[in-house]
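**Student:** Predicted model and sequence follow; I will ask about them next.
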Amino acid sequence: MKGSGATLKRMYRPAIKHCRECGAHVSYRLPDDGDTKNRAICTQCHTVHYENPLNVVGTVPYWGERGEQVLLCKRNIEPRLGKWTLPAGFMELGESTEHGAWRETQEEAGAEIEIDGLFTLLNVVRVGQVHFFYRARLTSDRFSPGYETQEARLFTEDQIPWDDLAFKTVRETLERYFDDLRSGKFGFHVSDIG
Ligand SMILES: [Zn+2]
């Protein structure tokens with residue numbers, strides 16, 4: 001993640017301009033193989049570059065006897081500098097969703113966790129992303145935030161800075177978390193985020 005751009009900073013992916021094989025310009029057109037979507041196709045070597053959604057993985061780190069406090073990170077990077085988020089970022093090649101969620105929690109909050117179950121799956125069709133959040137039990141309330149985080153601290157539901165959250169998927173996940181905490185049973189929630 002450090003310097004690789006693998007955080008939520010990539011809000012919108014720009015269209016592909018150059019071929020990843022030969023560096024020539026690409027043009028967007030229908031391939032000749034019956035495909036029904038325009039693809040970025042190299043004008044020189046004719047390589048077709050497919051673009052697919054990216055996975056964002058993160059956690060809801062909780063603390064307290066009933067899990068009544070959750071850990072949020074104040075962002076030290078754009079976009080949404082200074083806004084609060086759950087630890088999350090782009091999944092890397094070579095890791096599982098669960099490992100990615102654990103790694104992001106380490107990197108952004110320096111928090112020690114044990115991952116519970118998958119809690120939310122959120123389709124963000126507009127930006128071509130799928131966000132996965134796991135519930136994760138904190139095994140310590142000492143945090144050591146990395147460069148991307150100004151501050152990491154615990155919040156009860158009443159203390160959550162609802163007007164200063166960085167992303168809709170974070171709000172949705174926190175709302176589901178505290179609803180389930182009240183009901184005494186944690187489920188698995190799937191939503192589409194506009
Ligand atoms: Zn090419």
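**Tutor:** Perfect, I can see it now. Numbering: from 1, shown residues only.

**Student:** Quickly find the element holding Val170.
**Tutor:** Element membership of Val170 [criterion: DSSP states H and E] is helix 168-183.

**Student:** Which positions in that helix come out as buried?
**Tutor:** Thr169, Val170, Glu172, Thr173, Leu174, Arg176, Tyr177, Phe178, Asp180, Leu181 (16 or more other C-beta atoms under 10 Å). C-beta here means a position set from N, CA and C on the backbone, and glycine is covered the same way.

**Student:** Run through the neighbouring helices and strands of it.
**Tutor:** Judged by 3 or more C-beta pairs under 8 Å, 6 or more residues apart in numbering; DSSP states H and E, helix 168-183 is in contact with strand 54-63, strand 113-124, strand 129-138.

**Student:** Note down every partner strand of the longest one and its orientation.
**Tutor:** The one in question is strand 113-124. Using DSSP bridges, the strands paired with strand 113-124 are strand 129-138 (antiparallel), strand 189-192 (parallel).

**Student:** Serialize those strands to CSV and add fields for mean neighbour count.
**Tutor:** What follows is those, written out as CSV (neighbours: other C-beta atoms under 10 Å):
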stretch, mean neighbour count
strand 129-138, 22
strand 189-192, 13
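
**Student:** Can you pull out the low-pLDDT segments for the chain?
**Tutor:** 1-14 (pLDDT under 70).
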